[in-house]
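**Q** Below are the sequence and a predicted model; questions follow.
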Amino acid sequence: MTQKKKTEILFKTLPFLLKDMEQKGWIIDSFPFQYKGVKYITLLTRYKENERKPKYAKAKVEFVKWENTNNTIKAYIDFYEVKFEATAVEFCKFFGVEKGSSYRDLFKDFARIFSGFIPKEKVVDKSEKESKLIGSRVEGNNPNAIFLYDVRRSGVKKDGLPKKRTIENSNKAFSLRKEMYERYGSDDTLSFYFSDKEEEGKSDDEIIRAFSERFKK
């Protein structure tokens, strides 16, 4: 069997973006996208080392409607195309597409348009809406856990060495509570703890006071 010949890379800026994200310590990014006159936010997440992924996949993507951030569709991308978890019918419904040509042509056209929106560099400071989306998605467990209530040591490993904060937790803290991250983030043995209950969230002063009190005991 002969190997299928690779076409020219379509997403030319994607390798640069992924490298820049890694160098800046980010596993997730967001950028605006517009398709057929409708605005979206694209969340792009790098695969972690040893994470299971489809062959040739380079990043996970989630398209979020700008006007309704609860309405999303997920996919993954390689350097040539976008591959959706949804069916073609679900894709058309989400993006408001009237089926007129072959699905193959439709997805090729989508990828071509999308390629023009992928940035070359990671922009760290985002709009409030994008920051909240990043913060809710990056740890991948509970998207509603966005209310910071504590900063504390991450504990120790079996060998007695201190555990290090994950890149996801760093990205989440920076996105949702930048001032707290700037205060404590340089110590990578500290982690940021979030709740999905707004009433459990703490102010900067409350968190700072509680953190200081631990060292007086």
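**A** Yep, it's here. Model, not experiment: these values are computed from the prediction.
**Q** Verify the contact between Val156 and Lys164 for me.
**A** No: look at Val156 against Lys164 with CB atoms under 8 Å: they stay out of range, at 10.9 Å. For glycine as for every other residue, the C-beta is placed from the backbone atoms N, C-alpha and C.
**Q** So which of the two has more stuff around it?
**A** Ranked by neighbour count (other CB atoms under 10 Å), Val156 and Lys164 place Lys164 first, with 14 against 11.
**Q** Just read off the phi/psi values of the residue nearest the centre of the chain.
**A** With distances taken as CA atoms, centre = their mean, Ile28 lies nearest the centre of the chain, 3.3 Å away. Main-chain dihedrals, Ile28, degrees, to the nearest 10: phi -130, psi 150.
**Q** now Lys122
**A** phi -80, psi 120.
**Q** Next up, the contacts around it.
**A** Leu17, Asp20, Met21, Lys24, Trp26, Asp29 (CB atoms under 8 Å, 6 or more residues apart in numbering).
**Q** related to what we said a few turns ago, hang on, the residue nearest to the centre of the chain packs against Tyr47?
**A** No: the criterion here is CB under 8 Å, and Ile28 misses it with Tyr47 at 11.4 Å.
**Q** tell me, what's touching the two both at once?
**A** Common neighbours of Ile28 and Tyr47 (CB under 8 Å, 6+ apart) do not exist.
**Q** Name only those of the contacts of Lys122 that count as buried.
**A** By neighbour count, with 16 or more other CB atoms under 10 Å, the contacts of Lys122 hold Leu17, Asp20, Met21, Trp26, Asp29 as buried.
**Q** Would you reformat these as JSON lines and include secondary structure?
**A** Listed next are the buried ones among the contacts of Lys122 as JSON lines, based on DSSP: H, G, I helix; E, B strand; the rest coil:
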{"residue": "Leu17", "secondary structure": "helix"}
{"residue": "Asp20", "secondary structure": "helix"}
{"residue": "Met21", "secondary structure": "helix"}
{"residue": "Trp26", "secondary structure": "coil"}
{"residue": "Asp29", "secondary structure": "strand"}
